[in-house]
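Asker: Sequence below, structure please.
(one chain, ligands or ions: 4)
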Amino acid sequence: QVKNKGKNNHCFYSADLSQNAVERFTLENQLRRALARDQFEVYYQAQVSLETGRIIGAESLIRWIHPELGVVSPAKFIPLAEETGLIIPIGEWVLRQSAMQVKEWHDQGFDIDWVSVNVSGVQIQRSNFADTVYGILVETDCESHLLELEITESTVMHNTEYVIDVFDRIKHLGVRLAIDDFGTGYSSLSHLKRLPLDKIKIDQSFVRDLPNNSDDAAIATAINAMAQSLGFTVIAEGVETRQQASFLKKIGCQQGQGYLYSRPVTASEFTALLRAEQLNNKK
Ligand code: C2E
Ligand code: MG
Ligand code: MG
Ligand code: MG
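Answerer: Ligands and ions are numbered 1, 2, ... in the order given. As a prediction, the model looks like this:
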């Protein structure tokens, strides 16, 4: 909190939204209209095989292209969207865009195995989320294996019968499930075993200081080993350097995502990345 203070003084929109009621009210109203005004855009960030270095998937990351503020990061509006319930229509929109996009890439013959979409706990708790996923797959004619969903560890800690049922239904559709930001919550991997999960995303906070920080090296190694022995695929987030990537590869982590490979980019920029890779592989 203290760390952010300096930044907040410079631009009003990065201030803590709960601190200023007027600003918050304005933002909420703008957020309410943003969908209708077509101000959201889905960016895509490459997920690569650490073995081959090739793009195998992408994560969808929403951006709000605000008429005055420019590109607003999801960290600034997702919490408000969750509090107001707006995350339900917004999340559905992201899912639909992502399904349409991955189907298009797939139909165009690009070698991409999935797009991974972030899902808020609010969507799971307060909407018929499994029905929404099914409806979008039908509507977009997207094959279910092209879609993966990311749920943060904190969401699944309240791992009620209802949540388990929603996950089971989604899994039954053939959509894969990943746990985001793993290691930041307090769940154990064995506890997660109750859920039909496919993938664990090692949180970027454990990747940042690899390979020199021995605590983080031990944590990343332990998460990877335990997750894989339980049958999960493992991806590391926030890979920025070649040293981090080679450490992760050395411990047997299968996938990586981060600025080393690509920043999150627009769909058309991501298409260019896929095209470049396709040309490279033909050589
Ligand atoms: P996340 O799902 O954990 O996504 C990873 C975040 O790390 C993204 O931030 C990404 O841009 C950033 N990142 C990727 N590689 C690197 C790297 O090498 N170094 C560093 N320092 N950062 C990296 P972004 O796009 O700002 O998204 C922040 C969070 O907002 C996401 O965290 C996710 O929790 C949430 N979010 C984004 N899009 C959606 C969405 O459509 N729905 C929901 N419910 N949440 C979303
Ligand atoms: Mg994510
Ligand atoms: Mg994450
Ligand atoms: Mg993260």
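
Asker: only C-alpha atoms for contact and neighbour calcs from this point on.
Answerer: Noted.

Asker: any chance you could map the helices in this structure?
Answerer: Remark: helices assigned in the chain by DSSP state H are 2-10, 21-34, 74-84, 87-107, 121-126, 129-140, 153-157, 161-173, 189-192, 214-229, 242-250, 267-282.

Asker: how about TSV for the ones you listed, with mean neighbour count, distance to Gly256 and mean pLDDT added?
Answerer: Listed next are the helices of the chain as TSV, based on neighbours: other Cα atoms under 10 Å; distance: least, Cα to Cα, whole Å; pLDDT from 0 to 100:
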stretch	mean neighbour count	distance to Gly256	mean pLDDT
helix 2-10	10	28	41
helix 21-34	15	32	85
helix 74-84	16	21	94
helix 87-107	20	19	98
helix 121-126	17	24	92
helix 129-140	16	26	98
helix 153-157	19	18	79
helix 161-173	17	23	93
helix 189-192	14	20	76
helix 214-229	17	12	95
helix 242-250	17	7	98
helix 267-282	13	16	93
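
Asker: State the distance from the closest residue to Arg194 other than its chain neighbours to Leu197.
Answerer: Spatial nearest neighbour of Arg194, excluding adjacent residues (Cα to Cα, 6 or more residues apart in numbering): Ile164 at 7.5 Å. Using Cα to Cα, to the nearest Å, one obtains 10 Å as the distance from Ile164 to Leu197.

Asker: swap in Ala236?
Answerer: 16 Å.

Asker: Neighbour count for these two, which is higher?
Answerer: Neighbour totals were compared for Ala236 and Leu197, and Ala236 leads with 29 against 19 (other Cα atoms under 10 Å).

Asker: Quick check: beta-bridge partners of the more buried one?
Answerer: Beta-bridge pairing of Ala236 under DSSP bridges involves Ile202, Gly256.

Asker: burial measure for the closest residue to Ser49 other than its chain neighbours, as a count.
Answerer: Leaving aside its sequence neighbours, Ser49 sits nearest to Gln255 (Cα to Cα, 6+ apart; 4.6 Å). When neighbours are counted by other Cα under 10 Å, Gln255 registers 25.

Asker: and the closest residue to ligand 3 within the stretch 101-250 of the chain, what pLDDT?
Answerer: Of all residues in the stretch 101-250 of the chain, Asp181 sits closest to ligand 3, at 4.2 Å by Cα to the ion. For Asp181, the model assigns a pLDDT of 93.

Asker: surely it meets Lys199?
Answerer: No - assessed by Cα atoms under 8 Å, Asp181 is found out of contact with Lys199, at 11.4 Å.
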